[in-house]
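> What follows is a predicted structure for the sequence shown.
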Amino acid sequence: MLVLGLGAGIWALGWVMDVAPRRRLVALAGLWAAVMLAHLLLPEGNGLRSALGGDARVWAVVGGLAGVVAAYVLGLSRLRARVAPVAPIAADAPFRPAELDRYARHILLREIGGPGQQRLKSARVLVVGAGGLGSPALLYLAAAGVGTIGVIDEDRVEGSNLQRQIIHADARIGLPKVQSAEIAMRALNPFIEVRPYQRRLDDATASLIADYDLILDGTDNFDTRYLVNRLCVAAEKPLISAAITQWEGQISLYDPARGGPCYECVFPERPLPGMVPTCAEAGVAAPLPGIIGSMMAMEAIKHLTGAGTPLRGRLMIFDALYSDARVIGAKKRPDCPVCGLSHPVA
C-alpha cells in the first residue's frame, strides 16, 4: 500500500504541475527501481523492506507488466503522431461527401480506387436501346457513377416489356422509353447527367457517337447492330455489343482501333430472314437480359477504369438453360469490309 500510495501521489503531483506523461512514467519507473533495490540489498527483517511489502520476484513481475503496457502506449502514440490528419473536403473537390459514401465500395477495390471512380465520373457512355439489355446496363451504369449517360430509343413503354425490361414500370406505360429510363436513373443516382434521345440511331444521328467515350448496343435487330458497328469503327469508339434469344446470350467488346476485331469481323454475314428470331417471335426468359445486360455494364466499368481483362478479342456465350458459359477467341479479319486494311471505312 505504501508503494501504491507513493505511485499515485507522484502521478497526481505531476498532473497538477502539468508534467508530461512520459516524465511521470519515468518517475514511476524510478520508484519501482528503488523498491527492487531495497528488496535485493536490504536484509530480511529490515523495517523498510517489510514496509514495502512483497518480495523481489513479485515486484519484478509488476515491473515487467507495467513496462509492456507503457511500451504499448508509447508506441501507439508515436504511430498516431506519424499519421497525417485528414484534410477537410474542399468545395471544388472531385466528389461530394455524399458521393464518397455512395461509391465507397468501389473506392475500396484495389482495381478501381479513387482514380478509377474519378474516371467513371468523367466518362460519357451512350446506350443504344432501352429494352431488355439496356435496362440493367443503364441502371448499373447509373449506380456505378458514370458521369454522363446517353440513351437512344424511339419506342414507348408497353405492358409486354415489363416482364424483362426492369428499368420501366407499370405506371409509365405509354411514356417514351428514354423518358421512363431517365426517371428511373435519376431516382437511383441524382449525381449523374442523363441525356435521352427519342429517336432511332441512323446515319442522320450518327454524330451522337462522337460525343461519347464508349458505346453499348443492346438492340434486337441486325440492321442497327451492323450500323452501330460501322459508326463506331469510323469514329474509333469502342463498342460493347450483346444479344439474347430464348435462353442464350452473347457479349463482346469490339475495338479495332486498339487491335481487336469489329462486330462484322466476327459476324461477317447477316443471317437469313427467320433464321434468328427476335424475342418477340421466339420468347426470352425474364432474367436472361438482366444477366447479359449486367455483363455489359461490368465490361463498361472494366474498360473505363482499366480493371481486369476485357472481352476485347473474345466472345462470351452464356447458356442459361444449362448454366454453361464459354469464351471463344475472335480475331480481326484483314479483309473485313468495315475495319480491314484493304477496306477502310470512309
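That came through, no problem.

> and the residue positioned nearest the centre of the chain, what pLDDT?
The centroid of the chain falls nearest to His106 when counting by Cα atoms, centre = their mean (2.9 Å). pLDDT for His106: 95.

> ok now do it, which residues does it touch?
112, 116-117, 120, 144-145 (Cβ atoms under 8 Å, 6 or more residues apart in numbering). (Each C-beta comes from the backbone N, C-alpha and C, glycine too.)

> Are we agreed that it is in a strand?
No: using DSSP: H, G, I helix; E, B strand; the rest coil, the secondary structure at His106 is helix, not a strand.

> Flag the shaky bits of the stretch 201-346 of the chain, pLDDT-wise.
Scanning the stretch 201-346 of the chain for pLDDT under 70 picks out 274-275, 277, 341-346.

> hmm, back to that, got the contacts of His106 as TSV, with secondary structure, distance to Ala234 and pLDDT columns?
As requested, the contacts of His106 are exported to TSV (DSSP: H, G, I helix; E, B strand; the rest coil; distance: Cβ to Cβ, whole Å; pLDDT from 0 to 100):
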residue	secondary structure	distance to Ala234	pLDDT
Ile112	coil	31	95
Gly116	helix	29	95
Gln117	helix	31	96
Leu120	helix	26	96
Ala144	helix	28	97
Gly145	coil	29	97
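
> Make TSV out of those residues and add neighbour count.
Below are the contacts of His106 laid out as TSV (neighbours: other Cβ atoms under 10 Å):
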residue	neighbour count
Ile112	24
Gly116	21
Gln117	23
Leu120	21
Ala144	23
Gly145	20
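
> Which stretches in this structure count as helices?
2-16, 21-41, 47-52, 56-82, 97-102, 104-107, 113-122, 134-144, 177-188, 222-235, 263-266, 279-282, 287-305 (DSSP state H).

> can you give me the offset of the last one from its chain's centre?
The reference is to helix 287-305. Mean C-alpha position of helix 287-305 versus that of the full chain (Cα atoms, centre = their mean, to the nearest Å) differs by 13 Å.

> who does that helix touch, helix- and strand-wise?
Helix 287-305 sits against helix 113-122, helix 134-144, strand 214-217, strand 239-245, strand 248-254, strand 314-319, with contacts defined as 3 or more Cβ pairs under 8 Å, 6 or more residues apart in numbering; DSSP states H and E.

> Export the first one to PDB, keeping only CA atoms.
Included here for helix 113-122 are C-alpha records, laid out as PDB according to Å, rounded to 0.1, in the frame of the first residue of the first chain:
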ATOM      1  CA  GLY A 113     -10.000   3.000 -56.200                       C
ATOM      2  CA  GLY A 114     -10.400   6.800 -56.200                       C
ATOM      3  CA  PRO A 115      -8.700   7.300 -59.600                       C
ATOM      4  CA  GLY A 116     -10.900   4.700 -61.200                       C
ATOM      5  CA  GLN A 117     -14.100   6.200 -59.700                       C
ATOM      6  CA  GLN A 118     -13.000   9.600 -61.000                       C
ATOM      7  CA  ARG A 119     -12.600   8.100 -64.500                       C
ATOM      8  CA  LEU A 120     -16.100   6.800 -64.200                       C
ATOM      9  CA  LYS A 121     -17.400  10.200 -63.200                       C
ATOM     10  CA  SER A 122     -15.700  11.800 -66.100                       C
END
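
> Flag every buried residue along that helix.
With burial defined by 16 or more other Cβ atoms under 10 Å, the residues of helix 113-122 counted as buried are 116-121.

> ok, those vs Pro261, which is closest?
Arg119 (25.0 Å; Cβ to Cβ).

> Look up how far Ala285 lies from that closest one.
34 Å (Cβ to Cβ, to the nearest Å).

> same question, Glu99
Counting by Cβ to Cβ, the gap from Glu99 to Ala285 is 36 Å.

> Start and end of stretch 204-211, how far apart?
15 Å (Cα to Cα, to the nearest Å).

> Show residues contacting it.
124, 126, 150, 152, 197, 199, 201, 215, 231-232, 234-235, 237.

> of all those residues, which comes closest to Lys177?
Ile152 (9.7 Å).

> Measure how buried the closest one is and give me the count.
22 (other Cβ atoms under 10 Å).

> wait, Arg195 sits on Val146?
No: counting by Cβ atoms under 8 Å, Arg195 stays clear of Val146, with 11.8 Å between them.

> domains of the protein?
2-80, 97-329 (automatic domain parsing).

> Please indicate which of those has the most neighbours on average?
Scoring the domains of the chain by mean neighbour count under mean count of other Cβ atoms under 10 Å gives domain 97-329 as the most buried, with a mean of 18.

> rewinding a little: got JSON lines for the domains of the chain, with distance to Cys336 too?
Compiled in JSON lines, the domains of the chain are given as follows (distance: least, Cβ to Cβ, whole Å):
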{"stretch": "domain 2-80", "distance to Cys336": "60"}
{"stretch": "domain 97-329", "distance to Cys336": "5"}
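
> which ones are touching Val338?
Per Cβ under 8 Å, 6+ apart, neighbours of Val338: 229-230, 233, 262-265, 345.

> can you do 6 Å?
230, 233, 262, 264, 345 (Cβ atoms under 6 Å, 6 or more residues apart in numbering).

> Check the contact between the third one and Val233; I expect there is one.
Spelled out, it's Cys262. Yes: if you go by Cβ atoms under 6 Å, Cys262 and Val233 touch, sitting 5.2 Å apart.
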